[in-house]
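1. Return a 3D structure for these sequence lines:
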Amino acid sequence: MATTDQAIADYTEAIRLDPKDAYAYSTGVFPIMRRATTTRPSPTVPRPSRLDPKYAKAYSYRAQAYRALNDDVKAASGRK
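-> Here you go, the predicted model:
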């Protein structure tokens, strides 16, 4: 299994084990974004900030995910 596929599988398992883990959701988006075929963010992108509004990195990670998709408007709002 490719490294990206393994990372996605690992984050998916972490989320399955603890669906309220904001860290797993927010960092798990990066291997998904590495896939060249990805044209939309994972549906999990906004979830970390809802699970833990005080988890500041979730906002930064969300903005980076949208930036990787060249969506500057959502990237700018992702930091809020």
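2. drop to CA atoms for contacts and neighbour counts, all remaining ones
-> Fine.
3. any low-confidence regions in the chain?
-> Counting by pLDDT under 70, the chain has low-confidence residues at 1, 32, 34-47, 78-80.
4. center of it, which residue is that?
-> V29 (2.7 Å; CA atoms, centre = their mean).
5. sec struct for K54, please.
-> coil (DSSP: H, G, I helix; E, B strand; the rest coil).
6. if we can go back for a sec, the residue nearest to the centre of the chain: which element?
-> V29 belongs to helix 22-34 when assigned by DSSP states H and E.
7. Show me what that helix is packed against.
-> helix 3-17, helix 47-51, helix 56-68 (3 or more CA pairs under 8 Å, 6 or more residues apart in numbering; DSSP states H and E).
8. quick one, it and helix 3-17 angle?
-> Between helix 22-34 and helix 3-17, the angle comes out at 150 degrees (axes from the mean of the first three to the mean of the last three CA atoms, to 10 degrees).
9. So which bits of helix 22-34 are buried?
-> For helix 22-34, the neighbour count (16 or more other CA atoms under 10 Å) marks 22-33 as buried.
10. Check the offset of stretch 53-60 from the chain's centre.
-> With CA atoms, centre = their mean, to the nearest Å as the basis, the distance from the averaged C-alpha position of stretch 53-60 to the chain average is 11 Å.
11. Stretch 63-72 now?
-> Centre-to-centre, stretch 63-72 and its host chain are 11 Å apart (CA atoms, centre = their mean).
12. begin at 138 from here
-> With 138 as the first residue, the last one maps to stretch 200-209.
13. could you dump it to PDB, C-alpha only?
-> What follows is stretch 200-209, C-alpha atoms only, in PDB (Å, rounded to 0.1, in the frame of the first residue of the first chain):
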ATOM      1  CA  ALA A 200      -7.300  27.000   5.500                       C
ATOM      2  CA  GLN A 201      -4.400  25.000   4.100                       C
ATOM      3  CA  ALA A 202      -6.600  22.300   2.700                       C
ATOM      4  CA  TYR A 203      -8.700  24.900   0.800                       C
ATOM      5  CA  ARG A 204      -5.600  26.700  -0.300                       C
ATOM      6  CA  ALA A 205      -4.300  23.500  -1.800                       C
ATOM      7  CA  LEU A 206      -7.400  23.400  -3.900                       C
ATOM      8  CA  ASN A 207      -6.800  27.000  -5.000                       C
ATOM      9  CA  ASP A 208     -10.000  28.100  -3.200                       C
ATOM     10  CA  ASP A 209      -8.700  31.400  -1.800                       C
END
